[in-house]
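Novice: Next one to model:
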Amino acid sequence: MKALRYFGPRDVRYESMDDPVLHDDRDVLVKVTGCAICGSDLHIYHGEGFSEDLGFCVGHEAVGEVVEIGRGVRRLKSGDKVMISAAVGCGACPACLRGDVIRCETGSAGCYGLSSKLQGSQAEAVRVPAGDFNAALIPEGITEDQALLMTDGMATAWYGARNADISSGKTAAVVGLGPIGLMAVEQAFVLGAARVFAIDPVAERRAIAETLGATALHPDDAVETIRELTRGRMVDSTVEAVGHARTIDLALNLAARRGTVSVIGVNQDRRFDFPMARAFMMGLTFRIGTCSVQETWPELIPLVQAGRLKPERVISHRLPLSDGAEAYAMFDGRKDGALKMILTP
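Specialist: Residues are numbered from 1 along each chain as shown. Sure, this is the predicted structure:
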């Protein structure tokens, strides 16, 4: 099959590789009909990856059609249209059965496309372990684009917004307006935020946030402007969707007394100079981590079906998988208004 394979910093190639095969009775093989580039894929693209492997298939956001199932698969069959959770677990332990992949009790928690251990989904086909759990039928009333965004990005935004304790009447801020950040802006309003500040250096991204109802600000002006607009109270809930030390620090500087800062941007730093004394005196809550995608679906699916959330608005480009290297370069360079890049095998 053809796939996007990683060979080093900024070296992603559209090449042939072995077709996936069933490894276990619970595996499912899926013909990919759509996949996407996630912001966290750029860490691998930049050479800041999670493995020293070379030649593995990248990507962890995909939808497709089931083409083969193992003997132990009960819920899915060939021909089913499915969305594939970026986060995988064993699907059988108590934690996984609650949807909490991060706490998988068998040590099976993982993600596609970080190494050759579990090949990625930016390919013509992908093997899904524990397919009954790690893939799900695309629900009625959900488009393929919406389902694709729910495989990771939208779920991560929701996890971040929930971790920020956004609720009715609160002020919220989102730092970083890539696809996940923009979805977090929309979700903050759905969760009841009275006002949302959207912060990013890219003017085009700020403009999109304004169409969602947010007050958009450049990072250089954010602290002073928010201090003025809130009469010194600052922000109750902040979602940081970049992962850089400077943006995490900005998020902390926006926090009100007893405020909450939720970091979902992937951070590769070994250490961060956390303002412990200030956090203690202000009673701040700080949360950081990644989500269990399956855990978010019961809340997100009805909101998308009802039209309350429209994640497809962040899609900016559609390209064939064969143009994957170009798509990575565009997304990395924020060229031509690049946000969510959809690739079609």
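Novice: Do a quick rundown of the helices in the stretch 1-150 of the chain.
Specialist: Ranges of helices within the stretch 1-150 of the chain are 41-45, 94-97, 131-134, 144-150, based on DSSP state H, counting those that start in this stretch.
Novice: Which of those sits closest to residue 70?
Specialist: Among the helices of the stretch 1-150 of the chain, the nearest to residue 70 by C-beta to C-beta is helix 131-134 (7.3 Å). C-beta here means a position set from N, CA and C on the backbone, and glycine is covered the same way.
Novice: now that closest one, how far from the centre of its chain.
Specialist: A distance of 19 Å separates the centroid of the chain from that of helix 131-134, by C-alpha atoms, centre = their mean, to the nearest Å.
Novice: what does stretch 144-161 give?
Specialist: Using C-alpha atoms, centre = their mean, the offset of stretch 144-161 from its chain centre is 6 Å.
Novice: Quick check: end-to-end length of that stretch?
Specialist: 24 Å (C-alpha to C-alpha, to the nearest Å).
Novice: before we move on, what about stretch 44-55?
Specialist: 12 Å.
Novice: Report the buried residues of that stretch.
Specialist: Judged by neighbour count using 16 or more other C-beta atoms under 10 Å, the buried positions of stretch 44-55 are 44, 45, 49.
Novice: mean confidence for that stretch?
Specialist: Mean pLDDT, stretch 44-55: 86.
Novice: Give me the contact list for it.
Specialist: Contacts to stretch 44-55, defined as C-beta atoms under 8 Å, 6 or more residues apart in numbering, come from residues 5-10, 12, 17, 43, 58, 113-117, 268, 328, 332.
Novice: In ChimeraX, how would I select just the buried ones from those residues?
Specialist: Selection of buried members from the contacts of stretch 44-55 for ChimeraX, criterion 16+ other C-beta under 10 Å:
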select :5,6,12,17,43,58,113,114,115,328,332
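Novice: In which helix or strand does residue 297 reside?
Specialist: Element membership of residue 297, judged by DSSP states H and E, is helix 293-305.
Novice: and the residue nearest to residue 106 when sequence neighbours are not counted, how far is that from residue 112?
Specialist: Closest residue in space to residue 106, ignoring its immediate chain neighbours: residue 90 at 4.3 Å, by C-beta to C-beta, 6 or more residues apart in numbering. Relative to residue 112, residue 90 is positioned 15 Å away (C-beta to C-beta, to the nearest Å).
Novice: who has more neighbours, these two?
Specialist: Taking neighbours as other C-beta atoms under 10 Å, residue 90 and residue 112 compare with residue 112 leading, 32 against 20.
Novice: re earlier: just checking, what packs against the helix holding residue 297?
Specialist: Taking 3 or more C-beta pairs under 8 Å, 6 or more residues apart in numbering; DSSP states H and E as contact, the helices and strands that helix 293-305 lies on are helix 144-150, helix 153-163.
Novice: how about a cut-off of 10 Å?
Specialist: Helix 293-305 sits against strand 81-84, strand 87-88, helix 94-97, helix 131-134, strand 135-137, helix 144-150, helix 153-163, helix 179-190, with contacts defined as 3 or more C-beta pairs under 10 Å, 6 or more residues apart in numbering; DSSP states H and E.
Novice: what does the average pLDDT come to for that helix?
Specialist: 97.
Novice: Off-centre distance for it?
Specialist: 14 Å.
Novice: same check, this time on stretch 28-41
Specialist: On C-alpha atoms, centre = their mean, the centre of stretch 28-41 falls 12 Å from that of its chain.
Novice: Can you give me the pLDDT of the closest residue to residue 202 other than its chain neighbours?
Specialist: When the adjacent residues along the chain are set aside, residue 202 lies closest to residue 334, with 6.2 Å between them (C-beta to C-beta, 6+ apart). Here, the pLDDT recorded for residue 334 equals 91.
Novice: Might you report the residue contacts of residue 334?
Specialist: The contact partners of residue 334, taken as C-beta atoms under 10 Å, 6 or more residues apart in numbering, are 178, 201, 202, 204, 205.
Novice: filter the residues you listed to the buried ones?
Specialist: 178, 205.
Novice: before we move on, back to that, same list (the helices of the stretch 1-150 of the chain) but as CSV, adding distance to residue 196.
Specialist: Formatted as CSV, those follow (distance: least, C-beta to C-beta, whole Å):
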stretch, distance to residue 196
helix 41-45, 25
helix 94-97, 33
helix 131-134, 33
helix 144-150, 20
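Novice: pretty sure residue 236 contacts residue 260?
Specialist: Yes - judged on C-beta atoms under 10 Å, residue 236 makes contact with residue 260 at a distance of 7.1 Å.
Novice: Not including adjacent chain positions, what is the nearest residue to residue 191?
Specialist: Using C-beta to C-beta, 6+ apart, the nearest residue to residue 191 is residue 166, at 4.3 Å.
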